[in-house]
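Participant: coordinates only, no sequence provided:
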């Protein structure tokens, strides 16, 4: 079995989006908590909490931790809205937190004896019988499907992960077995 980690190129976009959700929640909370005389105090405290969480989150992001403070904050906002009687805002925050969590997952292509597992959501398991070719060349993994879909990814440090010749031989053998099984199925 071979595993190839992929770089999540949209990670910064997802992070900025999550911060935007937190800012909108913070402003809405300040309005709901609402005494106009105390509005600057509420807003100041909420923004201070948000800034502390953002710095904590940034530090954890560099360490590649799974549960980030911005996600915890999104859940907390959801329960605040539930307590305030705004069920739709609770559901929206929990839904956005779930999407955020899914977007932060590690992307990993697994090439196994029975199939290639592609890290879409949900994970796509592609049997060898549905593949034309799987090849690793100069750090680029190419997965060519019989349905005319082509997946290509740069694999960071591929020479440290796998020997290209051994991997390509493994894939050729699996493709031969997959086509043999398909021909045998059609004959019967």
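Facilitator: Sure thing, it's come through. What you see is a predicted model; the values in this text were computed from it and never measured.

Participant: any idea how far residue 144 is from the residue nearest to the spatial centre of the chain?
Facilitator: Centrality entry for the chain: nearest residue to the mean C-alpha point is residue 103, 3.1 Å, by C-alpha atoms, centre = their mean. Going from residue 103 to residue 144 by C-beta to C-beta, to the nearest Å gives 27 Å. (Each C-beta comes from the backbone N, C-alpha and C, glycine too.)

Participant: how far away is residue 51 from residue 4?
Facilitator: 38 Å.

Participant: next one: residue 49
Facilitator: Remark: distance between residue 49 and residue 4 (C-beta to C-beta) = 39 Å.

Participant: ok, the two, which is more surrounded?
Facilitator: Using other C-beta atoms under 10 Å as the criterion, residue 49 and residue 4 rank with residue 4 on top: 20 against 14.

Participant: quick one: low-confidence ranges for the protein?
Facilitator: Residue ranges of the chain with pLDDT under 70: 34-36, 42, 57-68, 178-188.

Participant: hey, where'd the strands end up in it?
Facilitator: 2-6, 107-111, 115-118, 124-127, 131-137, 140-145, 150-154 (DSSP state E).

Participant: want to throw the ones you listed into JSON lines with distance to residue 13?
Facilitator: Formatted as JSON lines, the strands of the chain follow (distance: least, C-beta to C-beta, whole Å):
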{"stretch": "strand 2-6", "distance to residue 13": "16"}
{"stretch": "strand 107-111", "distance to residue 13": "15"}
{"stretch": "strand 115-118", "distance to residue 13": "21"}
{"stretch": "strand 124-127", "distance to residue 13": "22"}
{"stretch": "strand 131-137", "distance to residue 13": "28"}
{"stretch": "strand 140-145", "distance to residue 13": "23"}
{"stretch": "strand 150-154", "distance to residue 13": "18"}
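
Participant: to residue 176, which of those strands lies closest?
Facilitator: strand 131-137 (11.4 Å; C-beta to C-beta).

Participant: taking strand 150-154 as reference, get the angle to the closest one.
Facilitator: 20 degrees (axes from the mean of the first three to the mean of the last three C-alpha atoms, to 10 degrees).

Participant: for strand 131-137, name the packing helices and strands.
Facilitator: Under the contact criterion of 3 or more C-beta pairs under 8 Å, 6 or more residues apart in numbering; DSSP states H and E, strand 131-137 touches strand 140-145, helix 164-187.
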